[in-house]
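J.: Any chance you could fold what I've pasted below:
(one chain, ligands or ions: 1)
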Amino acid sequence: MKKVAVVGCGAYMDSGYGCPGEWRCLKAAALGEGKFDEPSQVIAFVKCECPGRTLLPNLGMAMKLAEFKPDKIYLSSCLVNAKPGCPYGTPEEFAALIQEKTGVEVVLGTHAYP
Ligand code: SF4
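T.: Numbering: from 1, shown residues only. So this is what the prediction gives:
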């Protein structure tokens with residue numbers, strides 16, 4: 001079973017529209033649905049905070065303290081599909097930064113639940 005980390009958009013999660021941290025990303029990972037090609041263990045769930053500068057350090061700290069290197073890092077669907085989008089960067093830019101820093105493959109999106 002793959003061990004993964006998920007990054008959510010804090011601005012969205014804090015606004016209470018059915019935050020992905022409640023269940024969607026976790027259910028998709030557990031069941032191998034959405035962008036997860038097999039049931040996966042979520043070892044870290046890191047919340048991005050505007051303007052995104054803390055994301056890489058917090059992700060690095062989560063990996064260090066949890067003592068694991070994820071097989072994949074997922075950007076949550078709320079982060080990837082946000083309309084209007086994040087004013088500080090595109091999902092592709094976030095993914096490239098994370099991939100360059102960690103050496104771990106980054107997947108855009110987590111689930112397709114409403
Ligand atoms: S920087 Fe962008 S992705 Fe990160 S919390 Fe703010 S709006 Fe969301």
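J.: Which stretches in this structure count as helices?
T.: Secondary structure of the chain, counting by DSSP state H: helices at 10-13, 24-31, 55-66, 77-80, 91-102.
J.: got the buried residues for the second one?
T.: I take that to be helix 24-31. Buried residues in helix 24-31, defined by neighbour count with 16 or more other C-beta atoms under 10 Å: R24, C25, L26, A28, A29. The way it works is simple: take the backbone N, C-alpha and C, and place the C-beta from them, glycine included.
J.: from these, which single one is nearest the ligand?
T.: C25 (14.2 Å; C-beta to the nearest ligand atom).
J.: From the ligand, how far out is the residue nearest to the closest one when sequence neighbours are not counted?
T.: Once flanking residues are discounted, C25 sits nearest to T110: 4.4 Å by C-beta to C-beta, 6 or more residues apart in numbering. Distance from T110 to the ligand, counting by C-beta to the nearest ligand atom, to the nearest Å: 14 Å.
J.: give me the number of residues near T110?
T.: Residues contacting T110 under the criterion other C-beta atoms under 10 Å number 29.
J.: check contacts around it.
T.: 6, 20, 24-25, 28-29, 34-36, 74-77 (C-beta atoms under 8 Å, 6 or more residues apart in numbering).
J.: Mean neighbour count, the helices of the chain: which tops it?
T.: helix 77-80 (a mean of 24; mean count of other C-beta atoms under 10 Å).
J.: Contacting the ligand as well, which ones from the buried residues of helix 24-31?
T.: Among these, not one lies near the ligand by C-beta under 6 Å from any ligand atom.
J.: Tell me which two in these are the farthest apart.
T.: R24 and A29 (9.6 Å; C-beta to C-beta).
J.: Who does the residue most central in space within the chain form a beta bridge with?
T.: Geometric centre of the chain, nearest residue: V7, 2.3 Å, by C-alpha atoms, centre = their mean. Counting by DSSP bridges, V7 forms beta bridges with V46, L75.
J.: mind checking how far it is from the ligand?
T.: V7 is 8 Å from the ligand, by C-beta to the nearest ligand atom.
J.: list the contacts for that residue?
T.: V46, K47, C48, L55, L59, I73, Y74, L75, S76, L79, F94, I98.
J.: Which strands or helices does the helix or strand of the chain with the lowest mean pLDDT pack on?
T.: Least confident helix or strand, the chain: helix 10-13 with a mean of 89, by mean pLDDT, DSSP states H and E. Helices and strands in packing contact with helix 10-13 are listed as strand 40-48, helix 77-80; criterion 3 or more C-beta pairs under 8 Å, 6 or more residues apart in numbering; DSSP states H and E.
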